[in-house]
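Trainee: A predicted structure for the sequence below; I have some questions about it.
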Amino acid sequence: MDQPADSAVTDLFVIGGGINGCGIARDAAGRGLSVTLAEMNDLASATSSAATKLFHGGLRYLEYFEFRLVREALVEREVLLSAMPHISWPMRFVLPYHKDMRFEANTPTSNLLSLVMPWMKGRRPAWLIRLGLFLYDHLGGRKILPPTSTVDLTTAPEGAPLKPHFTKAYEYSDCWVEDSRLVVLNAQDAVARGARVLTRTEMTGAVSENGLWRIETRNTETGEMQTHHARMLVNAGGPWVGDVLQTKVRLNSREGVRLVRGSHIVTRRLYDHDKCYFFQGTDGRIIFAIPYETDFTLIGTTDEDHEDPSVKPVCTEAEQDYLLSFANQYFERPVTRDDIVWTFSGVRPLHDDGSTSATAATRDYTLKVDTSAGAPMLNVFGGKITTYRRLAESALVKIAVQLGKAGEAWTEGAALPGGDFPVSGVADLITGLQRDYPFLTDFWAQRLVRAYGTQAAIILGDAASAADLGQDFGATLTEAEVAWLMTHEFARTAEDVIWRRTKLGLRLDADQVRALDEWMARCRRDAAAAAE
């Protein structure tokens, strides 16, 4: 799906194929701007496929008085849910309460409470948690999601997996999102609106000439060099935003980025219901335990400083032990290393606000325009997946000032590809897909709808049986689906398919993955030969 560069001058050249880069590219293309985006690896290959996979306001950010960020994120939850009901859905979060809950040291709320109620130093009293949840319910003008309620863990099914001394919990709403699919669908829509998206294309340098940027790129598969020209650069390099500034564009900037590693473990399924747990530790930290891919549980995340973006983040043994120990403060049946089936880790590129700890560093975004080179460059620092659309809108405001043009905001209420159906319509879509394609199992139909929404029927086409979909790679993955992913969703390798377009890597064995990679390699060779 990559398109060749040409000598024309584009309005924007976006560096980085994560959620912020693809979100900005989509918004800009929809306003009529010409856009080229370059990603040195696969889309969502770094931070944007390694999130905790939630659209959430950030309940704990209230302790840092981040009211604007929380309100914006709470409003966005329902905007985004309505635009992508296939890859995002409501989820209830169970917050068990016990008297030993603590704040992280030196949060603004902890300091204030210690000042006015010194006998409460470091504690999270029940009334304070309930006040926070009241604010959480009302800051964002909630319309779709249900409000907070209280749960009796001694009788409710949510209490069954927990240790018996947890007798009370609060239950509130947030949303799940398939993070890497969100990125790909934004890129797909950007292309549909006229943008060029170049994956496996590294930006090696950029210089300003006569008020324009001359950008050099290298195809990381073929080594081919190309030159592009643009009126404005957008540096959405995520963990590499500082590297782009300092070594690729060579601008002096006082803005800094703080790299924070967040690691997760995926275990066998630990409980039977479909709700998430919000666990608070005696050290003031929090983790989530979330139902994942039907048969698994996702536990995370950690917050550790990560010095070098070129060092691939991994979930260390120490982080695995930390997450297991944390979860075992709550679960009655101990969770052990033998339960872990997969781990993943990502680096959050937070704006460096001078916070003393990685946990305290702000998750808000900062957008800075630099014109010192003679042509404008927008640098994107920080941000969280929930506010990516608002970040893109804010970026377009700054872009409009520099380019003297940028149409009206349009993404609020605009469905992503496959998301053109009601939030309540998933079950009907699954039922309709199985009616039209009776060979689909329940798991298969649900997986397709949750990945592709209304586009699932396009992938299946006029197939009357599973055999009509071509080679079976295992776990309901077929040749027809992989061909769609290569043609419409930028996939190039088996890894792209099984860990970012889907999570079928949890279900396929090594031989099946090898067969998939070989089939995709043949397709790439055939396509290259046909293009010659």
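Mentor: Cool, the structure landed.
Trainee: Low-confidence bits of the stretch 351-500 of the chain, can you list those?
Mentor: Within the stretch 351-500 of the chain, the segments meeting pLDDT under 70 span 353-363.
Trainee: can you rerun that using 90?
Mentor: 351-365, 382-384, 405-407 (pLDDT under 90).
Trainee: Tell me which stretches of it form helices.
Mentor: Remark: helices assigned in the stretch 351-500 of the chain by DSSP state H, counting those that start in this stretch are 388-403, 426-436, 442-452, 456-460, 479-488, 494-495.
Trainee: Quick check: the residue sitting nearest the centre point of the chain vs Gly18, distance?
Mentor: With distances taken as CA atoms, centre = their mean, the residue of the chain nearest its centroid is Asp179 (3.3 Å). Distance of Asp179 to Gly18, computed by CB to CB, to the nearest Å: 10 Å. Every C-beta, even on glycine, is put in place using the N, C-alpha and C of the backbone.
Trainee: which neighbours do those two share?
Mentor: Contact criterion CB atoms under 8 Å, 6 or more residues apart in numbering; residues shared by Asp179 and Gly18: 44, 48.
Trainee: still on that earlier bit, contacting residues for the residue nearest to the centre of the chain?
Mentor: 19, 44, 48-51, 53, 385.
Trainee: What remains of the residues you listed if I keep only buried residues?
Mentor: Buried members of the contacts of Asp179, scored by 16 or more other CB atoms under 10 Å, are 19, 44, 48-51, 53, 385.
Trainee: wait, which of those is closest to Trp342?
Mentor: Ala50 (11.8 Å; CB to CB).
Trainee: so what's the closest residue to the closest one other than its chain neighbours bridging to?
Mentor: Once flanking residues are discounted, Ala50 sits nearest to Gly346: 2.5 Å by CB to CB, 6 or more residues apart in numbering. Taking DSSP bridges as the rule, Gly346 bridges to Gly262.
Trainee: wait, isn't Gly346 in contact with Lys53?
Mentor: No: in this structure, Gly346 is not within contact of Lys53 by CB atoms under 8 Å, at 10.8 Å.
Trainee: Now for this protein, the helix or strand with the poorest mean pLDDT.
Mentor: helix 108-116 (a mean of 61; mean pLDDT, DSSP states H and E).
Trainee: After that one, which helix or strand is next?
Mentor: helix 126-138 (DSSP states H and E).
Trainee: and the gap between Tyr388 and Lys99?
Mentor: 38 Å.
Trainee: do Leu324 as well
Mentor: Taking CB to CB, one finds Leu324 at 24 Å from Lys99.
Trainee: Comparing those two, which shows the higher neighbour count?
Mentor: Shown here are Leu324 and Lys99; by other CB atoms under 10 Å, Leu324 has more neighbours (19 against 9).
Trainee: then stretch 251-261 to PDB, C-alphas only?
Mentor: This file holds the C-alpha atoms of stretch 251-261, laid out as PDB (Å, rounded to 0.1, in the frame of the first residue of the first chain):
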ATOM      1  CA  LEU A 251      17.800  22.100  15.600                       C
ATOM      2  CA  ASN A 252      18.600  23.500  19.100                       C
ATOM      3  CA  SER A 253      15.600  23.100  21.300                       C
ATOM      4  CA  ARG A 254      15.100  23.500  25.100                       C
ATOM      5  CA  GLU A 255      12.200  21.000  25.000                       C
ATOM      6  CA  GLY A 256      13.000  17.600  26.400                       C
ATOM      7  CA  VAL A 257      11.400  14.200  26.400                       C
ATOM      8  CA  ARG A 258      11.300  11.800  29.300                       C
ATOM      9  CA  LEU A 259      11.200   8.100  28.200                       C
ATOM     10  CA  VAL A 260       9.200   6.000  30.600                       C
ATOM     11  CA  ARG A 261       8.900   2.200  30.100                       C
END
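Trainee: Show residues contacting that stretch.
Mentor: Contacts for stretch 251-261 (CB under 8 Å, 6+ apart): 239, 241-242, 245-246, 302-309, 313, 345-353, 355, 358, 361, 366, 368, 370, 372-373, 377, 379, 381-382.
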